[in-house]
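Peer 1: Got a sequence here, can you build the structure:
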Amino acid sequence: MTESDSQIPAQHRAIVVEQTGAPEALTWTTVDTPTPGAGEVLIRTAAAGLNFIETYQRSGVYPMTTPFTPGTEASGEVVAVGENVTTVSVGDRVATAAGRATYAEHFVAPAEQLLRVPETMDLAEAAALPLQGMTSHYLCRSTYPVSASDTVLLHAGAGGVGLVLTQLCVSLGATVYTTASTEEKKELSLQAGATEVFDYDDVATRVRERTGGKGVDVVFDGVGKDTFEASLSALRPRGMMVLFGGSSGQVPPFDLQRLNALGSLFVTRPSLAAYTATGEETAWRGEELFAALQEGTLNLRIGDRVPLAEAARAHTALEGRQTTGKVILTV
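Peer 2: Next up is the predicted model:
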């Protein structure tokens, strides 16, 4: 292992869940500093991104082996590299969605899953980009390559992915319709570039009215069970349904013959891991995202910065739907 000149402490502070439960299960304590293995790096944390999956892990909805430190998304400075690492060096500013135990003062991540953070960008703010940013990027650049002639329906337009994906689709020239549940969220979606924001009720009818009865070219649906049928009904013949999440629950078993009756539709269920399978692909996505930030065609909405030691407060706010935009946990 190659280390920086600064001494790496044998122990550091981290959030640890000894027993799953309420947000108070997140305790700020001292643990051993991790060591990077082959192909990995050790990063001094600037900030960690807060994501809803971590509330499921903390509460026990998603089984985890305890004790554990949550988190996969974070930014910081490389302070040590493991064997066979040639793509990054000590001192590099990076962000990732593939870290291990990022609710801590240091974390380990695969070298090939790092995004290089430009010197002009605040390193803590960079923690808000990797997960929602790369998800949005693969959806509109790879799963369904959006073009200027396309019409898009995007559910949960004011969510973390929704705000980023709307901006990326608009920058590609597409017309974007979204859904949102409150007037505040509708306004946020409009600010991101949506042409019109609908309530969830009867959205397919509204979309067909706006498209002259044709339907949209693609639906990006991260809601799942509650919106799936409306999403299919909003598509044009040979349109694509991209189901990338299930915040309302998983879609029940589905008769594929219905795709024929609805106009030879396409349905896909992608994942970020499949679209960041190589270091080259991950780097490409990061480069385009950071370029969009620097050009001003993409803006990140950071709703709150919470000290990492107060992660329980951030979890309480997230579960209570009291947050908008991205919440980052700062070190």
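Peer 1: Please count neighbours and contacts with C-alpha atoms only from this point.
Peer 2: Noted.
Peer 1: for the stretch 101-250 of the chain, what spans make up the helices?
Peer 2: 130-138, 160-171, 183-191, 203-210, 228-233 (DSSP state H, counting those that start in this stretch).
Peer 1: As a markdown table, these with mean pLDDT and mean neighbour count would be great.
Peer 2: Below are the helices of the stretch 101-250 of the chain laid out as a markdown table (pLDDT from 0 to 100; neighbours: other CA atoms under 10 Å):
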| stretch | mean pLDDT | mean neighbour count |
| --- | --- | --- |
| helix 130-138 | 97 | 24 |
| helix 160-171 | 96 | 25 |
| helix 183-191 | 95 | 18 |
| helix 203-210 | 97 | 18 |
| helix 228-233 | 97 | 19 |
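Peer 1: got JSON lines for those, with distance to Gln57 too?
Peer 2: As requested, the helices of the stretch 101-250 of the chain are exported to JSON lines (distance: least, CA to CA, whole Å):
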{"stretch": "helix 130-138", "distance to Gln57": "17"}
{"stretch": "helix 160-171", "distance to Gln57": "19"}
{"stretch": "helix 183-191", "distance to Gln57": "27"}
{"stretch": "helix 203-210", "distance to Gln57": "33"}
{"stretch": "helix 228-233", "distance to Gln57": "26"}
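Peer 1: quick one, what contacts the residue lying closest to Gly245 once chain neighbours are set aside?
Peer 2: Counting by CA to CA, 6 or more residues apart in numbering, Gly222 is the residue found nearest to Gly245 once chain neighbours are left out, at 3.9 Å. The contact partners of Gly222, by CA atoms under 8 Å, 6 or more residues apart in numbering, come to 155-156, 243-247.
Peer 1: sorry, back to before: select, out of the helices of the stretch 101-250 of the chain, the one closest to Thr316.
Peer 2: Nearest of these to Thr316, taken as CA to CA: helix 160-171 at 17.5 Å.
Peer 1: what's the angle from the closest one to helix 183-191?
Peer 2: 30 degrees (axes from the mean of the first three to the mean of the last three CA atoms, to 10 degrees).
Peer 1: hmm, back to that, derive a PyMOL selection command for the buried subset of the contacts of Gly222.
Peer 2: In PyMOL syntax, the buried subset of the contacts of Gly222 is picked out as below (16 or more other CA atoms under 10 Å):
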select buried, resi 155+156+243+244+245+246
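Peer 1: just the strands in the stretch 51-200 of the chain please.
Peer 2: 74-81, 93-96, 106-110, 115-116, 151-154, 175-179, 196-198 (DSSP state E, counting those that start in this stretch).
Peer 1: Can you check which of those strands gets nearest to Phe228?
Peer 2: Once the strands of the stretch 51-200 of the chain are compared by CA to CA, strand 151-154 is nearest, at 11.8 Å.
Peer 1: Show residues contacting the closest one.
Peer 2: Residues contacting strand 151-154 (CA under 8 Å, 6+ apart): 162, 166, 174-179, 216-221.
Peer 1: By neighbour count, which of those wins?
Peer 2: Neighbour counts for those peak at Thr166, which has 31 neighbours (criterion: other CA atoms under 10 Å).
Peer 1: Quick check, that residue in contact with Thr175.
Peer 2: No - with contacts defined as CA atoms under 8 Å, Thr166 does not count as touching Thr175, sitting 9.3 Å away.
Peer 1: anything in contact with each of those two?
Peer 2: Ala194.
Peer 1: Excluding sequence neighbours, find me the nearest residue to Pro110.
Peer 2: That would be Glu40: by CA to CA, 6+ apart, it lies 4.4 Å from Pro110.
Peer 1: Now do the contacts for the one you found.
Peer 2: Glu40 neighbours (CA under 8 Å, 6+ apart): 81-83, 85, 108-111.
Peer 1: picking that back up, any idea of the pLDDT on the residue nearest to Gly245?
Peer 2: Model confidence at Gly222, expressed as pLDDT, equals 94.
Peer 1: do the one 3 residues further on as well
Peer 2: Among the per-residue scores, Lys225 holds a pLDDT of 93.
Peer 1: likewise Glu3?
Peer 2: 61.
Peer 1: Would you mind telling me which of the helices of the stretch 101-250 of the chain is nearest Gly279?
Peer 2: helix 130-138 (13.1 Å).
Peer 1: Show me the contact partners of the closest one.
Peer 2: 73-74, 95-97, 115, 160-162, 164-165, 168, 272, 275, 285-286, 289.
Peer 1: any idea how far Val331 is from Cys106?
Peer 2: Quick fix: residue 106 is His, not Cys. Using CA to CA, to the nearest Å, one gets 10 Å for the distance from His106 to Val331.
Peer 1: Pop the domain breakdown of this structure in here.
Peer 2: The chain is divided into the following domains under automatic domain parsing: 2-129+300-330, 132-273.
Peer 1: Indicate which one of the ones you listed is closest to Gln294.
Peer 2: domain 2-129+300-330 (8.4 Å).
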